[in-house]
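# model this:
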Amino acid sequence: MAAPQLGRAQLEEKDRDDLIQIAKALGLKGVSAANKADLIAKILEETMAPQSDDKRQASAKPLGADGEPLADWEVELAEHEGTPIAPDARVRGGDRGDSRGGDRGDSRGGDRGDRGDRGDRGDSRGGDRGDRNYRDRNFNDGGNRNRRRRGRRRGGPRDDGPQGDDRYELETIEENQPMSNDPVQVEGYLDLRDEGYGFLRLGGYLGTRNDAYVSVRFTRQYGLRKGDHITGLSRPAGRNEKNPALLEVHTVNGESPEKARNRKKFEDLTPLFPDEKLVLSSLADPLNMTARIIDLISPIGKGQRGIIVSPPKAGKTTVMKTIATSIEKNHPEVKLIVLLIDERPEEVTDMRRTVKGEVIASTFDRPSDEHTQVAELAIEKAKRMVEAGEDVVIILDGITRLSRAYNLAAPATGRIMSGGIDAGALYPPKKFFGAARNIEEGGSLTILATALVETNSRMDEAIFEEFKGTGNMELRLDRRLAERRI
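Presented below is the predicted three-dimensional model:
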């Protein structure tokens, strides 16, 4: 029947009842249970003026598996790859040989003889489904190309096609790369979150895309703790995952997972005063006067909690190097960790070339969050080693910069102390420094931290005053003596 041409915008402004009345006026049946979108589609199909064969052929464009018309460059890409395009693919503005038209031709072909030109749509639903599956199979190729096409249309950059052959070559490389699902041997330190899950840090102490995800089930099953050194197997990340996932746990801190489950916590071990001296001087190096003076004036023992108080440019870095190298020579059984926070990059390189032990660093050009993350994982790693009965020495440079980093990274409590430092920002570095102790059951954790004074900063003075009473050893450097080369 003849009907005026209705636009989609006009139909979308009407409610569902008005659309039902329009559909009934056009002679459509079975519209009472249809939703608004189907009603608009049926009305537009009914009122659409038939196009000539030339226009229909000119506007005909094949559709992809997602039901959207292919762009010209996508058709050329499919032809270039040799992907057949289904001859009976649905086209925009042309003969609509889809399942909807076929169903209408089957069920309503008798009582709608005035539209005999649609009787040739009467394919069965099963045949249409077969054609649709054929199109999906031809355009799918594992689903990768269609997913990329939908991403370009809906969320990707809006351009008309690839820039030359760059995009085609990129997609070809992605499709030709084999995706291996075989388990991979992994090894790293566990960074555990408060929620119970964590990540196995494979490339250091900061997060990367290669870190393996550790589920809550693994942490509870094996009693894993933050800082544990874990070896095991992981599977590659899935299509909707950011990180690989840990599948098996082989060892925890070099021991079997069953043995690690029954270990004591660091907080439950009995702390004692230092009772064994770490001798720094050596007969093989009699000219090392710094080590000899420290042994005489301020000796260091296993489990010591010491502060090296120094003004700027007074030689604290030289003293730290001397202590580190002396411990490595005279006490090879001790695990040495040099932790540099907010330090200059050239100082980090020099320390790594001087000390044979592990040097963990976060330079001053990195954000405060990285400073705190590196420090927390390093101290937890040391605690796990002490739980195993080992003697660990941490040389921290410095406690002042670490407190400043927590002052920036930690959430504010609203209680501001002298110098502008938040009261809650001092608890994490105090917890770090307070972990140093001698253990009665075996093992010890020694921490030697530097603190800055005479910097004309009230914040540095407040930080030093807070930590002055927490240590059991203090070594103070004098700038005037350093200027005299003493």
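
# hey, where'd the strands end up in the stretch 251-400 of the chain?
271-272, 277-278, 300-301, 305-310, 335-343, 358-363, 391-397 (DSSP state E, counting those that start in this stretch).

# which strands and helices sit next to the first one?
On a contact count with 3 or more Cβ pairs under 8 Å, 6 or more residues apart in numbering; DSSP states H and E, strand 271-272 meets strand 437-439. Placement of C-beta: from N, CA and C, glycine included.

# do the last one as well
Counting by 3+ Cβ pairs under 8 Å, 6+ apart, the packing neighbours recorded for strand 391-397 are helix 316-330, strand 335-343, helix 368-387, strand 444-452.

# Over to the third one?
Strand 300-301 sits against strand 277-278, strand 444-452, with contacts defined as 3+ Cβ pairs under 8 Å, 6+ apart.

# CA atoms only for the last one - export them in PDB, please.
Taking only C-alpha atoms (Å, rounded to 0.1, in the frame of the first residue of the first chain), the coordinates of strand 444-452 have been written out as PDB:
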ATOM      1  CA  SER A 444      69.600 -11.100  62.800                       C
ATOM      2  CA  LEU A 445      68.600  -8.000  60.900                       C
ATOM      3  CA  THR A 446      71.000  -5.100  61.100                       C
ATOM      4  CA  ILE A 447      70.000  -1.700  59.700                       C
ATOM      5  CA  LEU A 448      72.400   1.300  59.400                       C
ATOM      6  CA  ALA A 449      70.500   4.300  58.100                       C
ATOM      7  CA  THR A 450      71.700   7.800  57.400                       C
ATOM      8  CA  ALA A 451      70.000  10.900  58.700                       C
ATOM      9  CA  LEU A 452      70.600  14.500  57.400                       C
END
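
# circling back: now, of the helices and strands packed on strand 391-397, which is deepest in the fold?
strand 444-452 (a mean of 25; mean count of other Cβ atoms under 10 Å).

# Residue 293 and residue 203, how far apart?
Residue 293 is 40 Å from residue 203, where distance means Cβ to Cβ, to the nearest Å.

# okay, the two: which has more neighbours?
residue 293 (15 against 11; other Cβ atoms under 10 Å).

# Please name the residues that touch that one.
By Cβ atoms under 8 Å, 6 or more residues apart in numbering, the contact set of residue 293 is empty.

# Let me know the pLDDT of it.
For residue 293, the pLDDT comes out at 91.

# Check the one 4 residues further on too.
Per-residue pLDDT puts residue 297 at 91.

# Name the residues linked to the nearest residue to it once chain neighbours are set aside by a beta bridge.
Spatial nearest neighbour of residue 297, excluding adjacent residues (Cβ to Cβ, 6 or more residues apart in numbering): residue 475 at 8.0 Å. Beta-bridge pairing for residue 475 (DSSP bridges): residue 308.

# Now do residue 475 against residue 442, distance only.
On the measure of Cβ to Cβ, residue 475 and residue 442 end up 27 Å apart.
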